[in-house]
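Undergrad: Could you look at this predicted model? Sequence included:
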Amino acid sequence: MGNTPTPHIGAEKGQIAGTVLMPGDPLRAKFIAETFLENAECINTVRNMLGFTGDYQGTQITVFGGGMGMPSVGIYTYELFHFYDVDRIIRIGTAGTLSDKVHLRDVVVGTGASTDSNYASQFGLPGTFAPVADFGLARAAVETGERLGVKTVAGNILSSDIFYNEDERALEKWARMGILAVEMEAAALYMNAARAGKQALCLLTISDAPFRGESLSVEDRQIGFTDMMKIALEIA
């Protein structure tokens, strides 16, 4: 590995900022770096999981792809926390809402992440762990959204291991428990952050509402994503 601490990340120590914004799609990481950051430098191309470090209003920030699902995000967030001294990771992504209280283009602040995953079993806990966001980051996200005029809704989300679920009524069951939206990564991020004593938050732009048959156009997806990015960058 030479000067790189892990087999999955090609950056050298010092090339990754203390705050990392993590979209799932590595090409989205490239877009964010080119659109929002100054003096952005590509610091990872291993497995095409692109990462960039640059400046936003005088603050150094890294944007790093996390891939799809908890196994992928689990690897990258663990290595960033433990091998690159990252202090906080903010996941930024899209999601489908399960709630009548949440609408297209709203930004969901995932204060908790329920899951159907067995990820927590590795910790050998004598009970059920509740993965939660860092309260300071979550509060800052809501306050920033209010200041910027972006509607935010804070609450519990679902991190699912399953995209094509054999149980066609699974999401209905989660909706009855007040779940705001479904995605596939936040619970692993929150558990890794808790174990490392670090900070984590998941911000989600609502791109579709499966129970209502609604979805954003390509143009509205970009507007919604930009609104979420404004919040993430302001609190980073």
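TA: Nice, I can see it.

Undergrad: Tell me who's in contact with H82.
TA: Neighbouring residues of H82 by C-beta atoms under 8 Å, 6 or more residues apart in numbering: A196. Glycine gets a C-beta too; all of them are placed from N, C-alpha and C.

Undergrad: Please report how far it lies from E185.
TA: 18 Å (C-beta to C-beta, to the nearest Å).

Undergrad: And for L233?
TA: 20 Å.

Undergrad: the more surrounded of these two?
TA: Neighbour totals were compared for L233 and E185, and E185 leads with 27 against 21 (other C-beta atoms under 10 Å).

Undergrad: Surely that one is in contact with R91?
TA: Yes - E185 is within contact range of R91, at 6.0 Å (criterion: C-beta atoms under 8 Å).

Undergrad: Mind listing the shared neighbours of these two?
TA: Common neighbours of E185 and R91 (C-beta under 8 Å, 6+ apart) are G66, V73, C202.

Undergrad: check contacts around the residue nearest to I75 when sequence neighbours are not counted.
TA: What sits nearest to I75 in space, not counting adjacent residues and going by C-beta to C-beta, 6 or more residues apart in numbering, is H8, at 6.0 Å. Shown in contact with H8 (C-beta under 8 Å, 6+ apart): V46, R47, M49, I75, Y76, E79.

Undergrad: Equivalent analysis for Y190, please.
TA: So Y190 contacts A113, P131, V132, A133, A200, C202 (C-beta under 8 Å, 6+ apart).

Undergrad: What helix or strand is it located in?
TA: Using DSSP states H and E, Y190 falls within helix 186-196.

Undergrad: average pLDDT for that helix?
TA: Here helix 186-196 scores 98 as its mean pLDDT.

Undergrad: Just the C-alpha atoms of it, please, in PDB.
TA: C-alpha atoms of helix 186-196 as PDB (Å, rounded to 0.1, in the frame of the first residue of the first chain):
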ATOM      1  CA  ALA A 186     -27.300   5.600   6.900                       C
ATOM      2  CA  ALA A 187     -27.600   2.900   9.600                       C
ATOM      3  CA  ALA A 188     -24.100   1.600   8.800                       C
ATOM      4  CA  LEU A 189     -22.700   5.100   8.800                       C
ATOM      5  CA  TYR A 190     -24.300   5.900  12.200                       C
ATOM      6  CA  MET A 191     -23.100   2.700  13.800                       C
ATOM      7  CA  ASN A 192     -19.500   3.200  12.500                       C
ATOM      8  CA  ALA A 193     -19.500   6.800  13.800                       C
ATOM      9  CA  ALA A 194     -20.800   5.700  17.200                       C
ATOM     10  CA  ARG A 195     -18.200   3.000  17.500                       C
ATOM     11  CA  ALA A 196     -15.400   5.500  16.500                       C
END
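
Undergrad: Many thanks, I have nothing further to ask.
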